[in-house]
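Asker: Structure, please.
(one chain, ligands or ions: 2)
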Amino acid sequence: MQEEFEVLISEEELDKRISEMAEQLDKEYEGKTVHLLGILKGSVFFMCDLAKKMKSDVTMDFISVSSYGDGTVSSGIVRLNKDLDESIEGKNVIIVEDIVDSGRTLSYVRKLMEDRKPASLKIVTLLDKPDRRVVDCKVEMSGFVIPDKYIIGYGLDYAQKYRNLPYIAVIQ
Ligand code: IMP
Ligand code: MG
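Answerer: Residues are numbered from 1 along each chain as shown. Ligands and ions are numbered 1, 2, ... in the order given. Sure, this is the predicted structure:
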């Protein structure tokens with residue numbers, strides 16, 4: 001079945017904002033190696049584009065957690081599916097996320113990573129849906145604040161589909 005959707009953030013808008021974010025991070029981390037930590041799978045598209053635009057030395061690792069089932073309603077439980085490959089002790093870590101919704105995923109991941117003694121830790125998210133926050137969660141940088149609508153594209157899925165859309169759309 002083909003669901004209907006409407007573009008919320010275009011490819012051009014994403015490109016422009018992600019360039020600004022990369023530039024700001026380069027300033028903040030001048031002369032340092034930045035360890036990008038992506039949360040699979042949603043953040044992959046954003047993380048690749050952000051990393052390509054950054055001029056700082058960048059290393060990368062991934063973690064996989066799940067809090068959503070195959071629908072649009074959160075189960076409320078965060079589960080660690082895949083841990084990092086390398087230690088983050090002493091590194092300048094940026095957790096890269098696609099979207100902060102209830103805040104459960106990021107507050108769980110932040111706590112998990114803080115315990116591992118990085119030199120510094122920041123959260124950068126492409127999207128933020130503040131109206132849906134259930135758990136308080138500190139986010140250092142966000143690309144776009146969006147309304148409480150279920151969105152897809154640019155990494156975000158509906159039942160695992162539409163991640164490869166080059167723009168962000170609202171599913172009707
Ligand atoms: P949270 O734990 O409720 O903050 O949600 C975290 C995860 O839910 C995100 O990393 C996304 O993978 C997923 N998610 C939240 N809102 C949406 C949405 O509107 N579309 C697709 N996935 C979403
Ligand atoms: Mg995600």
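
Asker: quick one: buried residues of stretch 90-103?
Answerer: Burial within stretch 90-103, assessed by neighbour count using 16 or more other CB atoms under 10 Å, is assigned to 91-103. (Glycine included, C-beta is placed from N, CA and C.)

Asker: ok, now stretch 165-172?
Answerer: Of all the residues in stretch 165-172, those buried under the rule 16+ other CB under 10 Å are 165, 167-171.

Asker: which residues sit against that stretch?
Answerer: For stretch 165-172, contacts defined as CB atoms under 8 Å, 6 or more residues apart in numbering pick out 3-11, 14, 72, 127, 149-154, 156, 158, 162.

Asker: and with 6 Å instead?
Answerer: 3-11, 149-154, 158 (CB atoms under 6 Å, 6 or more residues apart in numbering).

Asker: And for stretch 29-36?
Answerer: The set of residues external to stretch 29-36 that reach it, using CB under 6 Å, 6+ apart, is 47, 56-60, 91-94, 96.

Asker: Mind checking which of those residues are in helices?
Answerer: If you go by DSSP state H, the contacts of stretch 29-36 have Met47 in helices.

Asker: Run through the chain and note the low-pLDDT ranges.
Answerer: 1-3, 68-75 (pLDDT under 70).

Asker: Which elements pack onto the longest helix seen in it?
Answerer: Ranked by residue count and defined by DSSP H, the top helix of the chain is helix 11-28. In terms of contacts (3 or more CB pairs under 6 Å, 6 or more residues apart in numbering; DSSP states H and E), helix 11-28 is packed against helix 44-53.

Asker: residues making contact with the helix it packs on?
Answerer: Here helix 44-53 makes contact (CB under 6 Å, 6+ apart) with 18-19, 22, 36, 38, 58, 96, 98, 126, 154-155.

Asker: can you point me to the longest strand in the protein?
Answerer: In the chain, ranked by residue count with DSSP state E as the criterion, the top strand is strand 57-68.

Asker: Just put the buried residues of stretch 165-172 in CSV and tack on distance to ligand 1.
Answerer: Shown next, in CSV, are the buried residues of stretch 165-172 (distance: CB to the nearest ligand atom, whole Å):
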residue, distance to ligand 1
Leu165, 12
Tyr167, 14
Ile168, 9
Ala169, 10
Val170, 9
Ile171, 8
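
Asker: If the closest residue to Ser120 other than its chain neighbours is in a bridge, with which residues?
Answerer: For Ser120, ignoring the flanking residues on the chain, the nearest one in space by CB to CB, 6 or more residues apart in numbering is Asn92 at 4.8 Å. With DSSP bridges as the criterion, Asn92 is bridged to Val34, Ser120.

Asker: Many thanks, I have nothing further to ask.
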